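**Q** sequence first, then the predicted structure:
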There are 2 protein chains.
Amino acid sequence: MTQIACKSLIVQKFGGTSVGTIERIQAVAERVIEAKEEGKQLVVVVSAMSGETNRLLGLAQQIDAVPAERELDVLMSAGEQVSMALLAMMLNKMGHAAVSLTGWQAGIKTDSQYNDANIIHVDPSHIQQLLERDQIVIVAGFQGITDEGDITTLGRGGSDTTAVALAGALNADECQIFTDVDGVYTCDPRLVPQARRLDVVHFDDMTSMARNGAKVLQLQSVEYARQHGVPLRVLSSFEEGEGTLVSFESSAASDVVGIALKNQQTLLDVDMPVSELQEQLNLFGMQCWCKAVAADLTQIVTANEDLARLKLVLDKKMHQVAAVSTLSVVGNNVQNKVDHVCAVLAEAGVLVRQKKRSAHCLSLLINEDDHQLAVDVVHKRFVVEPESLDNRPLLAVS
Amino acid sequence: MTQIACKSLIVQKFGGTSVGTIERIQAVAERVIEAKEEGKQLVVVVSAMSGETNRLLGLAQQIDAVPAERELDVLMSAGEQVSMALLAMMLNKMGHAAVSLTGWQAGIKTDSQYNDANIIHVDPSHIQQLLERDQIVIVAGFQGITDEGDITTLGRGGSDTTAVALAGALNADECQIFTDVDGVYTCDPRLVPQARRLDVVHFDDMTSMARNGAKVLQLQSVEYARQHGVPLRVLSSFEEGEGTLVSFESSAASDVVGIALKNQQTLLDVDMPVSELQEQLNLFGMQCWCKAVAADLTQIVTANEDLARLKLVLDKKMHQVAAVSTLSVVGNNVQNKVDHVCAVLAEAGVLVRQKKRSAHCLSLLINEDDHQLAVDVVHKRFVVEPESLDNRPLLAVS
């Protein structure tokens, strides 16, 4: 074993805002060089410059509202090709040898589901050769290539997935996701200013947070990282700091790790037995939270963006009941806290319409109008002052 | 042999202005469909949308006046990736199956001279498969890939070269270069409004025209087409018409086919023997028109854009004599016309500083200030009214 084989290998990912201008690309280069000068091997995944994706999409939509899907991927993938080349130029200008690679050059093989492809294999040999020559390797996020040699894009959050997949294939020591927040918070800090940054969060909890509305990391990339045992770190592109490490360790001070919120959902009554409804939804590849209310009546919850599609399937059998939000309490043993949480919400006058429990998550369906009040009180009682919770008198659920 | 094997195969090339807006891309698609509906197999080469190359170069130069050359090619090649995808989308939208290919997908292998690469091999198998499936194949001009898998660009006029190289490799019936003029003229019609379009021009003459300043076709692509026996046709992107066919036939009505002009040159005196000077220029890979004037004095002609470089090499030994132009008379037996041409110029009061003859070209060095007058009289006497020429009295050269 040579010394080089012991060098730690880091995959860093910078999103579109982080590479949105030449000045920001310079700031990214400085972050990269900082890590390089600590003796690390570096692979850097970049998204397209912010605005570029929309510009390209705008050109396509001047031609066709639904452009040919293969060609849309050819078009969109040009976006990262620009940002990756600019970052490599900047690093070279600053005295550090760097080479940029497109998805196909980086060995990222996908299925041929254009616009929403899945990575099926990563061949890291080309990147490894370049790392051995002491190059910083810049890789286009969000894109890959099929076995037939066609360009694909990975769909929403695709650059995170690229970074995690590369980190897995390269057996990297850490995959660092640089973003516009400085870590994972106990709740979205734009909603709850008292939310605090977590130093460490367990993969189980992060998966539940991402699945239930936390936007800091995409669910797909968290699941991929977990599966491949790649420690993930969320950091700010704009500030120094340790960020949040997502790993199999946990340092939660209390059972409740965080609160996630999903808005823009609708509660519907559907005049159909639950089994028949689920069968129909499966046929169209749709998944909803379903609950039998009567033999011929089922309540379902759907994202507002799926309403139009659902209307095509169910037509007059569906009736909108309310605009709703899902508030999720994530952590260990939260399934035992149903009554506590419901009591706190009742005390604040928030109606709980439905409840769902899983190993690391307790989800409650509330009216959308109540979402701010609900996250405020639940975050305060279960995250800010959890120790005092067990001493508080319990109110009966009204 | 099936019927399909007998289908004629055309390679069409559209430049940046022709694909500069969505409306123009639609006009290009209409031209392509017209040919397709005549039963032809079509490969369409496109440049980047006009303005895009400069936009990308501008981004690079915000980072580095001389950006890392490998990365500059990665950056610039994104330009054609956008235009090719948009044209393929447009064709699909208009009901014709079309697929776009980057340089590497189209099998265009180059050497690794970044920013100015040469095509060394074209593997047309992927394109052929797509043509057999009745697809219109759109290919990115101006780009290729090295044996090591790195992206390259071909430098100036590269998209024409791509088209000609593909036409050669595919054994195409014709390579059609669509541009902003409707063919090859006897002289640049912006200079000489009486210039007329040629229906046919011989490869020998076209090579001389391109080498001596005619901008309608790049020298490299004419030479490549000649070498591979690919008939070239120059057509307007914006008007209907037959354009000009460049082939091994010739239908010139007279010996003189056309007049080419090269401006923005400088005549210099250099205090150095001609052999020593040529040795120095060779060392720096520069080529100039040199003429020994005395044992220690050589006159050379250089493009103004090379002056700064030349100054670095020759420093105080070079002295600028005059701003000059080269006027070239192209055609059969033009070397016999030196005295005729010089007499016509002398009659008009144009000083001829130097003369150079080759098989298909007679080039005369004149003062730049005289260039308009010189092309006017030479075009009039030798192209517009060549029959009357031999009957005119010859004036002695003053």
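**A** Arrived safely.
**Q** for burial, what's the neighbour tally of A:E23?
**A** 9 (other C-beta atoms under 10 Å in any protein chain shown). Just so you know, the C-beta spots here come from the backbone N, C-alpha and C atoms, and that holds for glycine as well.
**Q** could you do A:N115 as well?
**A** Residues near A:N115, counting by other C-beta under 10 Å: 15.
**Q** repeat that for A:K317.
**A** Quick note: A:K317 (other C-beta under 10 Å) scores 15 neighbours.
**Q** give me phi/psi at it?
**A** phi -80, psi -10 (degrees, to the nearest 10).
**Q** measure it to chain B for me?
**A** A:K317 is 36 Å from chain B, where distance means C-beta to the nearest C-beta, to the nearest Å.
**Q** surely that residue touches A:P273?
**A** No: A:K317 is beyond contact range of A:P273, at 11.2 Å (criterion: C-beta atoms under 8 Å).
**Q** so A:L281 sits right up against A:M318, yeah?
**A** No: taking C-beta under 8 Å as the definition, A:L281 is not a contact partner of A:M318, at 11.4 Å.
**Q** remind me which residues of chain A are low pLDDT?
**A** For chain A, the stretches flagged by pLDDT under 70 are A:1-6, A:156, A:251-253, A:387-398.
**Q** tell me, which helix in it spans the most residues?
**A** helix A:69-93 (DSSP state H).
**Q** tell me the angle that one makes with helix B:69-93.
**A** Orientation check (axes from the mean of the first three to the mean of the last three C-alpha atoms, to 10 degrees): helix A:69-93 against helix B:69-93 gives 170 degrees.
**Q** okay, now the sheet partners of the very next helix or strand once past helix A:69-93, with direction.
**A** For helix A:69-93, the following helix or strand on the C-terminal side (DSSP states H and E) is strand A:98-101. Within its sheet, strand A:98-101 is paired with strand A:136-140 (parallel), according to DSSP bridges.
**Q** any idea whether A:A48 is helix, strand or coil?
**A** coil (DSSP: H, G, I helix; E, B strand; the rest coil).
**Q** how many residues are close by it?
**A** So A:A48, with other C-beta under 10 Å, has 28 neighbours.
**Q** could you do the one 3 residues further on as well?
**A** Counted with other C-beta under 10 Å, residues neighbouring A:G51 total 13.
**Q** distance check, it against chain B.
**A** From A:G51 to chain B the distance is 13 Å (C-beta to the nearest C-beta).
**Q** swap in A:T21?
**A** 9 Å.
**Q** let me see the contact set for that residue.
**A** Counting by C-beta atoms under 8 Å, 6 or more residues apart in numbering or on different chains, A:T21 makes contact with A:M49.
**Q** need phi/psi at it.
**A** Torsion angles, degrees, to the nearest 10, at A:T21: phi -140, psi 170.
**Q** likewise for A:L59?
**A** For A:L59, the backbone dihedrals (degrees, to the nearest 10) come out as phi -60, psi -50.
**Q** show me the residues around it that make contact.
**A** By C-beta under 8 Å, 6+ apart, the neighbours of A:L59 are A:75, B:22, B:82, B:86.
**Q** the last one: neighbour count?
**A** B:L86 is flanked by 29 other residues according to other C-beta under 10 Å.
**Q** hmm, B:E23 and it touching each other?
**A** No: using C-beta under 8 Å as the test, B:L86 is too far from B:E23 to be in contact (11.6 Å).
**Q** related to what we said a few turns ago, close to chain B, is the longest helix of chain A?
**A** Yes: Helix A:69-93 is in contact with chain B by C-beta under 8 Å from any C-beta of the partner chain, via A:70-72, A:74-75, A:77-79, A:81-82, A:84-86, A:88-90, A:92-93.
**Q** of all the residues in that helix, which ones are buried?
**A** A:69-93 (16 or more other C-beta atoms under 10 Å in any protein chain shown).
**Q** first-to-last residue distance for stretch A:190-204?
**A** End-to-end distance of stretch A:190-204: 24 Å, with C-alpha to C-alpha, to the nearest Å as the criterion.
**Q** on that earlier part again, show me the two of the contacts of A:L59 that sit farthest apart.
**A** Greatest spatial distance in the contacts of A:L59: A:L75 and B:I22, 12.7 Å, computed using C-beta to C-beta.
**Q** mind listing the shared neighbours of those two?
**A** Going by C-beta under 8 Å, 6+ apart, residues that sit against A:L75 and also against B:I22 are A:59, B:86.
**Q** and the residue nearest in space to the middle of chain A, how far is that from chain B?
**A** The centroid of chain A falls nearest to A:Q218 when counting by C-alpha atoms, centre = their mean (1.2 Å). From A:Q218 across to chain B, the span is 25 Å (C-beta to the nearest C-beta).
**Q** ditto for A:L283
**A** 28 Å.
**Q** for A:K109, what are its contacts?
**A** A:119-123, A:144-147.
**Q** contact partners for A:L232?
**A** A:164, A:174-177, A:206, A:217, A:221-222, A:225, A:245-247.
**Q** apply 6 Å and report the result again.
**A** Contact analysis of A:L232 by C-beta atoms under 6 Å, 6 or more residues apart in numbering or on different chains lists A:175, A:225, A:246.
**Q** confirm the first one sits in a helix?
**A** No: assignment of A:C175 by three-state DSSP gives strand, placing it outside any helix.
**Q** touching, it and A:I10? I think so.
**A** No: with contacts defined as C-beta atoms under 6 Å, A:C175 does not count as touching A:I10, sitting 7.8 Å away.
**Q** neighbour-wise, which of these two wins?
**A** A:C175 (28 against 22).
**Q** the strands in the stretch 251-398 of chain A, which residues?
**A** A:256-270, A:289-294, A:297-303, A:318-331, A:352-358, A:361-367 (DSSP state E, counting those that start in this stretch).
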